[in-house]
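Chemist: Just the structure for this:
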Amino acid sequence: RQKDAVEIRRMRQRLEEAAPAAGDLKRGPGGIVDIEFLVQMLLLRHGHDHPSVRRRGTAEAIVALQAAALLPAEDADVLRRSYHFLRVLEARMRLERDRAVEQLGTDPDVLEPLARRLGFSGERPGAELLSTYERTRDEVRALYERYFRGVDV
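Modeler: Below is the predicted model:
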């Protein structure tokens, strides 16, 4: 099982190195792939002894891991909320540009229309979106690092 965790961490590291920037929703630090790889590692670690957690979808697996008391509620909440936010953001960007888009960008003014369509309001919705994205990314990355602590590649 440690071997599986090492291999997952290795694969994640390669994907991250190939990501063009930290603003990459999927492959950047704290992105979708961090969540998916963390959940996959937990499924590999616990799936044999706890068949109830074996789920194909990441969101469903998070719920099952929490229900089996293999993932603390606070961690499950962060993963569930973050995964939903990042997937909705990714889908909205794809819809608006009619192609896969993984780079969020960093200019709040350019992000304002996207932010408004995602429900952000106030004087600086683009800045609010960026802040939410950065906070989400930081929370996800902290969990990823904590769960993979001690897994050397």
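Chemist: Tell me where this protein has helices.
Modeler: In the chain, the segments counted as helices under DSSP state H are 2-18, 32-46, 58-67, 73-97, 108-117, 125-147.
Chemist: who wins for proximity to S52 among these?
Modeler: helix 58-67 (6.0 Å; Cβ to Cβ). For the C-beta atoms, the positions are set from N, CA and C on the backbone; glycine is no exception.
Chemist: which helices and strands does the closest one pack with?
Modeler: With contacts taken as 3 or more Cβ pairs under 8 Å, 6 or more residues apart in numbering; DSSP states H and E, helix 58-67 sits against helix 32-46, helix 73-97.
Chemist: Adding mean neighbour count, write the helices of the chain out as JSON lines.
Modeler: As requested, those are arranged in JSON lines below (neighbours: other Cβ atoms under 10 Å):
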{"stretch": "helix 2-18", "mean neighbour count": "14"}
{"stretch": "helix 32-46", "mean neighbour count": "21"}
{"stretch": "helix 58-67", "mean neighbour count": "19"}
{"stretch": "helix 73-97", "mean neighbour count": "16"}
{"stretch": "helix 108-117", "mean neighbour count": "16"}
{"stretch": "helix 125-147", "mean neighbour count": "18"}
